[in-house]
Each structure stands twice: as structure tokens, then as C-alpha cells.
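Chemist: build me a model:
(one chain, ligands or ions: 1)
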Amino acid sequence: MTHTHITGVILAGGLGRRMGGVDKGLQELQGRPMAAWVAERLAPQVDELLINANQNAERYAAFGHRVVADRIAGFAGPLAGLHAALSAATHPWVATAPCDSPFLPADLVARLSAALLASEADLAVARTFDQPHPVFCLCKRNVLPHLTAYLESGERKFDRWYATLKTVEVPFDDEAAAFENINTRDELQRFDSAR
Ligand SMILES: Nc1nc2c(ncn2[C@@H]2O[C@H](COP(=O)(O)OP(=O)(O)OP(=O)(O)O)[C@@H](O)[C@H]2O)c(=O)[nH]1
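Modeler: Just a heads-up that it's a prediction; the model follows:
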């Protein structure tokens with residue numbers, strides 16, 4: 001199999017409202033920021049890692065990866081983070097993972113990229129059972145003009161966007177627990193004491 005170089009991005013640009021308006025990626029699980037857990041899992045899977053963040057840039061930069069802010073104003077959702085990553089990426093494919101899923105699969109990018117290569121789609125997205133996980137995707141950097149036009153039209157929905165592209169869904173039923181995400185302080189405490 002040929003290897004296409006891949007830029008990974010940790011999406012950490014949200015407002016964390018359900019956690020009380022904190023910067024979710026910097027909240028600690030077992031004494032380490034959640035985004036640091038994601039970086040440790042994602043960095044070995046990609047050729048370059050970016051962190052998409054809209055606040056606390058210097059704290060994220062301390063993880064040792066380039067930090068990129070949204071270019072679309074007004075907290076436009078995770079697609080704005082993908083847009084920033086596609087704009088800043090050095091490599092032709094971009095893989096995403098959210099900052100609030102610290103247990104993501106160690107073979108996420110390998111499985112998405114195998115599917116993308118085999119299908120000639122524009123984007124591969126992870127799915128468990130009947131649920132797609134749009135923020136775990138791999139897409140070709142050349143979809144950027146299409147995404148820019150979509151966001152400029154005022155649209156924000158991730159799944160509606162990729163429904164307009166050639167997309168392949170990749171089943172991860174065997175690793176469903178790896179997609180657990182942490183949205184509230186209660187969930188954070190539950191995972192903190194469970195591990
Ligand atoms: N770049 C960027 N990423 C975002 C934005 N909103 C959410 N995200 C990211 O998208 C992923 C899923 O976000 P959510 O959990 O739905 O939103 P959140 O803002 O983090 O948290 P809530 O406000 O509680 O919904 C996370 O990785 C967020 O960091 C945004 O406006 N810009």
C-alpha cells in the first residue's frame with residue numbers, strides 16, 4: 001500500500017458549555033489535560049500534528065505541536081476547526097480527533113486511510129454500529145474550497161457537509177468504547193475514578 005502523508009488535528013476549539021464554559025481540552029483526567037491524552041494517541045499515527053484551539057494558545061503550544069485558531073469567526077463548530085486545519089496542513093490528507101475523546105483507537109488513522117485509498121472517496125468517517133462519528137474523519141486537503149463555500153453559505157452541520165462529498169464510512173464496532181467522549185464535569189469525574 002502506498003503511504004500518503006497525513007496531518008492530524010486535535011479539535012479543541014469549542015466553548016465547553018456543558019462543562020461550564022471551560023476549555024475542555026485542558027481539563028485534567030488522571031492529572032493530565034485531556035488534549036494531552038489525545039496528542040499521545042494521535043501523534044504516532046500521523047506525520048504532523050496540529051492543535052486547533054481558540055483560547056489558551058500558549059498552554060496548547062506547550063504540548064509541542066503547532067496551534068491553529070479558527071479562521072471563520074464566531075465559534076462555528078467543529079467544521080471551523082477542520083477548515084483551519086485544512087488551511088494550515090502541510091500534508092495532502094487531514095485526520096481529525098476531538099479533544100474530549102482521550103481513549104481514541106490507536107489504529108484510527110490506519111483504518112480510515114486504508115478505506116480512503118480503497119474507495120477513492122474524498123472523506124472517510126468512523127462509525128460504530130449505526131452511529132457515525134463525524135469528528136473522527138480523514139479527508140483530502142483539496143476539499144478545502146468546497147468546505148469554505150459551505151461555511152460561507154452559513155451552514156454549520158458536519159454530517160450535512162460530508163453528505164455532499166464522496167464519503168466512505170468505516171466500521172469500528174470492535175472498538176466502540178474508544179469513542180467515548182467527556183462533555184460534563186460528572187463524566188470527567190466518572191472516567192477519572194474508573195481508570
Ligand atoms: N474549531 C472549533 N471547534 C469546535 C467548535 N465548537 C466545538 N468544537 C469542537 O468540536 C468537538 C465537539 O464539540 P462539542 O462537544 O459539540 O462542543 P464543545 O464546545 O466542545 O462543548 P459544548 O459547548 O458543551 O457542546 C470538540 O472537539 C470541540 O472542541 C468551534 O466553534 N470551533
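
Chemist: who does the strand ranked longest in the chain touch, helix- and strand-wise?
Modeler: Taking DSSP state E as the criterion, the chain has its longest strand at strand 131-140. Secondary-structure packing of strand 131-140 (3 or more CB pairs under 8 Å, 6 or more residues apart in numbering; DSSP states H and E): helix 78-88, strand 93-98, helix 108-119, strand 123-128, helix 158-162. In this view, the C-beta of every residue, glycine as well, is placed from N, C-alpha and C.

Chemist: buried residues in the last one?
Modeler: Same thing as helix 158-162. By neighbour count on 16 or more other CB atoms under 10 Å, the buried set for helix 158-162 is 158, 161-162.

Chemist: before we move on, what about stretch 10-25?
Modeler: Residues of stretch 10-25 classed as buried under the neighbour-count rule (16+ other CB under 10 Å) are 10-14, 16, 18-19, 23-25.

Chemist: just give me the closest of those to Ala36.
Modeler: Gly25 (8.5 Å; CB to CB).

Chemist: got the angle between the strand or helix carrying Ile10 and helix 108-119?
Modeler: For Ile10, the host element (DSSP states H and E) is strand 6-12. Angle, strand 6-12 to helix 108-119, by axes from the mean of the first three to the mean of the last three CA atoms, to 10 degrees: 130 degrees.

Chemist: from His91, how far out is the closest residue to Lys140 other than its chain neighbours?
Modeler: Closest residue to Lys140 apart from its sequence neighbours, by CB to CB, 6 or more residues apart in numbering: Asp122 at 5.4 Å. Distance, Asp122 to His91, using CB to CB, to the nearest Å: 16 Å.

Chemist: quick one: which of those two has more around it?
Modeler: Just comparing Asp122 and His91: by other CB atoms under 10 Å the higher neighbour count belongs to Asp122, 18 against 15.
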